[in-house]
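>>> just a sequence and a predicted model for now, questions to come.
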Amino acid sequence: MPVKDPLIETLKVCILQLQAEGTVTDSSPHLATCCELLELILRKGLQQPVLSLTHRDYWYCFEQLLQHDTCGRLSAVSLAVQQTTACPKLLTAQGRGRFFIRLMLAKRTLENAVKHVLHTGRVMEWYSPETSVLRNEKFVEPFLSLCLVLSEIKFKLNIENCSFLDESWLLPVCETYEAVPCRELGMVLRYLDGRVFVLELLHGGMAQVDMFAEPGDIIDEINGISLRNSSNGQAGVVLSRLKGQPLSLRLLRWRCKDGAMYRPLVPLLRQLKQENPLLQFSSAPQPSPAAQRQSQSQCVKEGRILYALQLLGKTNIGMYGGKEVLQHAIPAVLRMRQNSKEVLLDVKETHMTCTDKSNKQQLFQHHFPEISCVGRFGQPDFTIFAFCVVDTPDTGQPKGFCCVVLQATSSTECEELVHRIAAGFKNTEWFV
């Protein structure tokens, strides 16, 4: 009976599970196990240098291909090696090796990379012929066959989500938030272990109003600039350089998709809690920040939350559009008893649009600089709110200001909408 390597046999089972999934993403329950088995096989039998203090890991085998592989067909592998070396989020050889494995899976070239290692003598000398898989004739062919099967599976991985590969194969939830040019994001940051944590959200700031982050989350990138291994104040320096420009924030969530705490972050979150005892990091399933905003009166379109409201009417209020006019303008519109409409309101970063819920016809679109004020009506149940905007009829010439009155389904939703529209004035200051 032929001898079998337990790692290869386990990898075979794992690959069968991946094949059953079709397209493999970061959320696959078998992906981390597969990657860990590949790592163990590549690491098995790797001998350490005698006269060096540097710990030799399998990443150095791939890194050395650029110097010692003479076949002349290294293009895809060499580009991947260079991409791995240049990634600023990876601080250790283990992190780079893991990044390289994920990159090879995504590019479907893992078998090719392993073959280059096998015919590079200077690299193969590092492996023990007695204990390694790569120098064992009985094991290396089955391993190459499995690498070929992996190259035929479609991996759709977020390669940029790599800041924790130094520590773990388990990856955090990674999301990107696009923000308009603004004066400030409204977050208190804490630098811990070379990472930029959100410690607190300032009341009325963009982060709190748009709910794109919560305390404990990590700002991983700003406009493609990595904040991994950041020193104190580095995020502020980056933001000051980007003042007046649109922002793209890559965030790493402290909470996994199932609501549990992301395990590699537990020690750091405990340190944050010591500084701010009010922070709560429970492992109970919780909705994401975007999902927290959604209620029965809201719907989702292309990933955005739309509010289902009643459009009660509008009227011209003259040449003054300050907030003082709302207390008179709202009752005036209500007394007119115009035909109300069920509408969907989409509050975006730079503007808001309103569409008829029944026929999807756009009723209006206003950029925040056009809006002069917004506020709630105190009667009867704090669900009615209004905003004033420059009134431009069909002639195209401004005719003063128009007061638009809408009704939300609850006082909480009404207050949220008023805050989001009001924040739009501040958030678009640099845009204007």
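Perfect, thanks for sending it.

>>> how about the helices in the stretch 1-150 of the chain?
6-21, 31-43, 58-63, 65-68, 75-86, 93-107, 110-118, 121-124, 137-151 (DSSP state H, counting those that start in this stretch).

>>> contacts only, for Phe62.
Val77, Val81, Thr84, Gly97, Phe100, Ala113, Val117 (C-beta atoms under 8 Å, 6 or more residues apart in numbering). Any C-beta I mention is one placed from the backbone N, CA and C, and that applies to glycine too.

>>> now do it, the pLDDT please.
Phe62 is assigned 94 on the pLDDT scale.

>>> coming back round to it: mean pLDDT for the helices of the stretch 1-150 of the chain: which is lowest?
Among these, helix 65-68 scores lowest, at a mean of 83.

>>> picking up where we left off before, so which of the contacts of Phe62 is the closest to Gly204?
Thr84 (42.6 Å; C-beta to C-beta).

>>> can you get me a residue count around the residue lying closest to Leu110 once chain neighbours are set aside?
The shortest distance from Leu110 to any non-neighbouring residue, by C-beta to C-beta, 6 or more residues apart in numbering, is to Met104 (4.1 Å). Here the number of neighbours of Met104 (other C-beta atoms under 10 Å) works out to 25.

>>> before we move on, back to that, dump the contacts of Phe62 to JSON lines, plus distance to Met352.
Formatted as JSON lines, the contacts of Phe62 follow (distance: C-beta to C-beta, whole Å):
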{"residue": "Val77", "distance to Met352": "50"}
{"residue": "Val81", "distance to Met352": "48"}
{"residue": "Thr84", "distance to Met352": "44"}
{"residue": "Gly97", "distance to Met352": "48"}
{"residue": "Phe100", "distance to Met352": "45"}
{"residue": "Ala113", "distance to Met352": "50"}
{"residue": "Val117", "distance to Met352": "56"}
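
>>> would CSV of those residues with distance to Leu146 and neighbour count be doable?
Below are the contacts of Phe62 laid out as CSV (distance: C-beta to C-beta, whole Å; neighbours: other C-beta atoms under 10 Å):
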residue, distance to Leu146, neighbour count
Val77, 18, 24
Val81, 22, 21
Thr84, 22, 23
Gly97, 18, 24
Phe100, 17, 26
Ala113, 14, 25
Val117, 15, 20
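
>>> out of all of them, which strand in this structure is the longest?
The single longest strand within the chain, with elements called by DSSP state E, is strand 304-318.

>>> okay, the helices of the stretch 1-150 of the chain in CSV with distance to Arg253 next?
Formatted as CSV, the helices of the stretch 1-150 of the chain follow (distance: least, C-beta to C-beta, whole Å):
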stretch, distance to Arg253
helix 6-21, 23
helix 31-43, 17
helix 58-63, 28
helix 65-68, 36
helix 75-86, 25
helix 93-107, 19
helix 110-118, 29
helix 121-124, 39
helix 137-151, 28
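
>>> Gly244: which of those helices is closest?
helix 75-86 (28.8 Å).

>>> determine the set of other helices and strands touching the closest one.
helix 58-63, helix 65-68, helix 93-107, helix 110-118 (3 or more C-beta pairs under 8 Å, 6 or more residues apart in numbering; DSSP states H and E).

>>> please spell out which residues along the first one are buried.
The neighbour-count check on helix 58-63 (16 or more other C-beta atoms under 10 Å) flags Tyr58, Trp59, Tyr60, Cys61, Phe62, Glu63 as buried.

>>> try the second one
Neighbour counts over helix 65-68 (16+ other C-beta under 10 Å) mark Leu65 as buried.

>>> any idea how far that helix is from the chain center?
Here helix 65-68 is found 36 Å from its chain centre; the criterion is C-alpha atoms, centre = their mean, to the nearest Å.

>>> remind me which residues of the stretch 251-400 of the chain are low pLDDT?
282-304, 393-398 (pLDDT under 70).

>>> using CSV, write down the CA coordinates of stretch 235-252.
Taking C-alpha atoms only, stretch 235-252 is exported to CSV below (Å, rounded to 0.1, in the frame of the first residue of the first chain):
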residue,chain,number,x,y,z
ALA,A,235,-3.8,59.8,9.2
GLY,A,236,-4.2,63.6,9.9
VAL,A,237,-1.2,64.4,7.7
VAL,A,238,-2.7,62.3,4.9
LEU,A,239,-6.1,64.0,5.3
SER,A,240,-4.6,67.5,5.3
ARG,A,241,-2.8,66.7,2.0
LEU,A,242,-6.1,65.6,0.5
LYS,A,243,-8.1,68.6,1.8
GLY,A,244,-10.7,69.6,-0.8
GLN,A,245,-10.6,66.3,-2.6
PRO,A,246,-13.1,63.4,-2.6
LEU,A,247,-12.1,60.7,-0.1
SER,A,248,-12.1,56.9,-0.4
LEU,A,249,-11.8,55.2,2.9
ARG,A,250,-11.0,51.5,3.2
LEU,A,251,-12.3,50.3,6.6
LEU,A,252,-11.7,47.0,8.4
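
>>> quick revisit: got the helices and strands packed on helix 75-86 as CSV, with distance to Glu9 columns?
Formatted as CSV, the helices and strands packed on helix 75-86 follow (distance: least, C-beta to C-beta, whole Å):
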stretch, distance to Glu9
helix 58-63, 20
helix 65-68, 28
helix 93-107, 20
helix 110-118, 18
